[in-house]
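1. Give me the fold of what follows.
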Amino acid sequence: MGLHIDETTGAFRGHDITDRWECPDWFDAEICENVTAVYAGPATYYPDSGTPFTVKQQYVFTDLSGQPVLIQYWPAFGFACPWFETFAEAMAANPTGDFDCMFAP
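-> Have a look, this model is predicted:
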């Protein structure tokens, strides 16, 4: 599946923007229709090797058929990817391992 695990860590510090957030038109409609909360702010990543970097991110929380799913959205780069609490939940949502991120046109 092309998975890679290293010691990279990150820290996110955001604030609630749910009441004024607009779902990008290129997001999957099911996600837009099931947003429960959105937080925006800086995320700093500390790579296993290399220099730390900070980017603006939005954490989009959804409830998809009773399954909570976090969509990690990188607005400046035009992509968003789902994150799950456990690897088992991620595999259950995407058993084929296909790339399930969304990209702006």
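2. hang on, residue 32 in a helix?
-> Yes - checked against DSSP: H, G, I helix; E, B strand; the rest coil, residue 32 lies within a helix.
3. Mind pulling up the pLDDT for it?
-> With respect to pLDDT, residue 32 has a value of 95.
4. go on, the one 3 residues further on?
-> Residue 35 is assigned a predicted lDDT (pLDDT) of 97.
5. From residue 10, how far off is it?
-> Going from residue 35 to residue 10 by C-beta to C-beta, to the nearest Å gives 22 Å. Every residue, glycine included, has its C-beta placed from N, CA and C.
6. do the same with residue 62
-> 20 Å.
7. same thing with residue 22?
-> Distance of residue 22 to residue 10, given as C-beta to C-beta: 25 Å.
8. Compare the two and say which is more crowded by neighbours.
-> residue 10 (15 against 8; other C-beta atoms under 10 Å).
9. Check what contacts the least confident helix or strand in the chain by mean pLDDT and list those residues.
-> Across the helices and strands of the chain, mean pLDDT, DSSP states H and E gives its lowest value to helix 87-93, namely a mean of 77. Here helix 87-93 makes contact (C-beta atoms under 8 Å, 6 or more residues apart in numbering) with 67, 69, 82-84, 97, 100.
10. Report the two of those separated the most.
-> Of all pairs drawn from the contacts of helix 87-93, the greatest distance, 17.9 Å, lies between 67 and 97 (C-beta to C-beta).
11. Just the pLDDT at residue 6, thanks.
-> Per the predicted model, pLDDT is 78 at residue 6.
12. so it sits right up against residue 45, yeah?
-> No - with contact defined as C-beta atoms under 8 Å, residue 6 does not count as touching residue 45 (11.5 Å).
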